[in-house]
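S.K.: sequence and computational prediction follow.
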Amino acid sequence: MMVTRKDFYFTVGLVVFFLPFFLFRDVYEAYYRLNVEHGLLMSFIKFALLATLGEVIGLRIKTGRYHQPGFGLLPRAIVWGFLGTTIYMAFAIFAAGTPKLLMKIGFYEAETLLASGLSWGKVLVSLSISTALNLFYAPVLMTFHKITDIHIVEQGGTLKGFFTPIRFAAIFRKINWDVQWNFVFKRTIPLFWIPAQTITFLLPEEFRVLFAAFLGIVLGILLAIAALKQTDHER
């Protein structure tokens, strides 16, 4: 893939967008306050922006373009915003529930370690949370996203088409389960998502969803790779 002038402008645009959060304390503090006071709404916004950005980068990898007819940028952002709110809820549930489970099986310091400074014990608790999250929740998220992705493409990427009823059963049968199982589930979950989200739960709570949203950029790239694998498989 050749680097073009559009890639340069795209990169500069990203730097200009994110730079104020690092240069101006007032901008960062405003973001921090909104994140604490309106966690669900901010999760919607962060995933709508960052995870959709990942899909745009994925499209660039697949096709050499940042946009194409039928891609459905706005519908994809809506889906990611919704998924962002479910991720916010899942983080709260698994971050609270997994340490309690660990305590029930004899790891009595689990909750204390999660709230303490960095230690091997905290890493173990974070790994446990990430493992539970990715084994029980991530496959549902990934499958739902795949279904909505197919629905958006089938409706030509239009906003009106996106709000038509989703044919879940029919689309479910269209998923390439060889790629979905053997690459998306079996490889990305244990080799990338569990280690990456172990880091997520080592972070202070207010930064976890933001870090997860940045990981959404990586997800877009992984989805592009999965799509290329599916194309190769169908040839």
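M.R.: Nice, I can see it. Numbering: from 1, shown residues only.

S.K.: the residue nearest to residue 174 when sequence neighbours are not counted: what's it in contact with?
M.R.: Spatially, and ignoring its direct neighbours in sequence, residue 174 is nearest to residue 150 (6.0 Å; CB to CB, 6 or more residues apart in numbering). Heads up, the C-betas are built off the backbone N, CA and C, glycines and all. By CB atoms under 8 Å, 6 or more residues apart in numbering, the contact set of residue 150 is 171, 174, 175.

S.K.: show me these that map onto helices.
M.R.: Mapping the contacts of residue 150 onto helices (DSSP state H) picks out 171, 174.

S.K.: so, low pLDDT: which residues of this structure?
M.R.: Applying pLDDT under 70 to the chain flags residues 1-2, 220, 223-235.

S.K.: which parts of the longest helix along it are buried?
M.R.: Longest helix in the chain by number of residues (criterion: DSSP H): helix 73-104. Buried positions in helix 73-104, judged by neighbour count with 16 or more other CB atoms under 10 Å: 73, 75-88, 90-91, 94-95, 98-99, 102.

S.K.: and if you look at stretch 172-183?
M.R.: Of the residues in stretch 172-183, 175, 176, 179, 180, 183 count as buried by neighbour count, 16+ other CB under 10 Å.

S.K.: ditto for stretch 28-48
M.R.: For stretch 28-48, using 16+ other CB under 10 Å, the buried residues are 35, 39, 42, 43, 44, 45, 46, 47, 48.

S.K.: can you put the residues you listed in a markdown table and add secondary structure?
M.R.: Shown next, in a markdown table, are the buried residues of stretch 28-48 (DSSP: H, G, I helix; E, B strand; the rest coil):
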| residue | secondary structure |
| --- | --- |
| 35 | helix |
| 39 | helix |
| 42 | helix |
| 43 | helix |
| 44 | helix |
| 45 | helix |
| 46 | helix |
| 47 | helix |
| 48 | helix |
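
S.K.: distance to residue 16 added to those residues, as TSV?
M.R.: Listed next are the buried residues of stretch 28-48 as TSV, based on distance: CB to CB, whole Å:
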residue	distance to residue 16
35	21
39	27
42	21
43	24
44	23
45	18
46	18
47	21
48	19
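
S.K.: let me know the closest of the residues you listed to residue 138.
M.R.: residue 47 (14.4 Å; CB to CB).

S.K.: that closest one and residue 110, how far apart?
M.R.: 28 Å (CB to CB, to the nearest Å).

S.K.: again, but for residue 144
M.R.: Taken as CB to CB, the span from residue 144 to residue 110 is 30 Å.

S.K.: who's more crowded, these two?
M.R.: residue 110 (22 against 16; other CB atoms under 10 Å).

S.K.: and the strands in this structure?
M.R.: Using DSSP state E, the chain contains no strands.

S.K.: tell me which residue of it is furthest from the middle?
M.R.: residue 106 (32.4 Å; CA atoms, centre = their mean).

S.K.: would you report the backbone torsion angles of it?
M.R.: phi 110, psi -10 (degrees, to the nearest 10).

S.K.: could you measure from it over to residue 92?
M.R.: Distance from residue 106 to residue 92, by CB to CB: 24 Å.

S.K.: go on, residue 205?
M.R.: Distance from residue 205 to residue 92, by CB to CB: 9 Å.

S.K.: ok, residue 168 next?
M.R.: 27 Å.

S.K.: could you do residue 11 as well?
M.R.: Taking CB to CB, one finds residue 11 at 34 Å from residue 92.
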